[in-house]
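Undergrad: Got a sequence here, can you model it:
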Amino acid sequence: MPPRPARTVLTLEAAALTERSFSGSPAQIDLDLRRGEVGLILVDDDSEASAMVDLCVGLAVPAKGHVRFLGVDWATRTRPQRLHRRRRVGVVAHTDVWPAQMTIMDSILLAPLYHSDRSRDELLAEATGLARLFGLPGLPAEQREATRRQALLRAGCVRGFLGSPDLVLVHDQLLDRTSELAVAMTQAISATCSRGGAVLWFSTNTAAPAARHIEADHVYRLGDVGLVRMRRAA
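TA: So this is what the prediction gives:
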């Protein structure tokens, strides 16, 4: 029996960022990311990376075009439906953004406990394994103010990969400035792709660990003319 074609996880079809204030005619973005694939997008403006992440998770509506996650256009879903579908997307971003009134551990576990029927013990075991992969002795039990920035960065990686998401979006400038997590990120990305997920990494630095260590199936630059496919250096 011939192999079944890979299922598309994320599609941007002639999508335009509404945040492009420098262009009266926003450039279009076309992207097709399938199961088991890794995409690397190099950006000149980090705010545009944030805007594109918002499109990918259905938090923003494109000025034109369509954004589909697992074949479904975000714009056709109601707000509760979009919220429900986001449980299948992991995001590694915003190192310093954690609920001030909760411990880091409880914050990591909150969303998967709410959006799945898995027990706390099961999720805690998976999260602890990810924490150790990313160089933590366990899940941080303190609140944000009492947790060091590097530990927050590592905890953010745990938060993004926990729960076997179909899509993981990586967008954190601090990751661009450190090579300490390159091996762990490579292993986490490989595990995600092996079980049929997909990963999209945004980087503002061509010499960042993402560009040097991640074996991307697709490499793009997001610029004035939209999303342009690039050749990887040998």
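Undergrad: residues of stretch 41-54 that come out buried?
TA: Ile41, Leu42, Val43, Glu48, Ala49, Ser50, Ala51, Met52, Val53, Asp54 (16 or more other Cβ atoms under 10 Å). All C-beta atoms are positioned from the backbone trio N, CA, C, and that covers glycine.
Undergrad: Mind picking the two most distant members of the residues you listed?
TA: Greatest spatial distance among the buried residues of stretch 41-54 (Cβ to Cβ): Leu42 and Asp54, at 18.5 Å.
Undergrad: can you map out the strands along the protein?
TA: 8-16, 28-34, 38-43, 66-69, 72-73, 89-93, 167-171, 198-203, 218-223, 226-229 (DSSP state E).
Undergrad: Each with direction, which strands does the first one pair with?
TA: Strand pairing for strand 8-16, determined by DSSP bridges: strand 28-34 (antiparallel), strand 66-69 (antiparallel).
Undergrad: Over to the fifth one?
TA: Using DSSP bridges, the strands paired with strand 72-73 in its sheet are strand 66-69 (antiparallel).
Undergrad: what about the chain, any weak spots by pLDDT?
TA: 1-6, 19-26, 206, 209-211, 232-234 (pLDDT under 70).
Undergrad: these two touch, right, Ala14 and Gly65?
TA: Yes - between Ala14 and Gly65 there is a contact under Cβ atoms under 8 Å: 3.8 Å.
Undergrad: centroid residue for this structure?
TA: Leu169 (1.0 Å; Cα atoms, centre = their mean).
Undergrad: CA atoms of stretch 200-218 as CSV?
TA: Extracted C-alpha coordinates of stretch 200-218, given in CSV (Å, rounded to 0.1, in the frame of the first residue of the first chain):
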residue,chain,number,x,y,z
LEU,A,200,7.5,26.8,13.1
TRP,A,201,10.5,28.8,14.6
PHE,A,202,10.8,32.5,14.2
SER,A,203,14.3,34.0,14.5
THR,A,204,15.7,37.6,14.1
ASN,A,205,19.3,36.3,13.8
THR,A,206,20.7,34.2,11.0
ALA,A,207,23.5,33.0,13.4
ALA,A,208,21.1,32.0,16.1
PRO,A,209,21.0,28.4,17.4
ALA,A,210,17.7,28.0,15.4
ALA,A,211,19.5,28.7,12.1
ARG,A,212,22.6,26.7,13.0
HIS,A,213,21.2,23.6,14.8
ILE,A,214,17.6,23.1,13.6
GLU,A,215,17.3,21.0,10.5
ALA,A,216,14.4,22.8,8.9
ASP,A,217,12.5,21.5,5.9
HIS,A,218,11.6,25.0,4.9
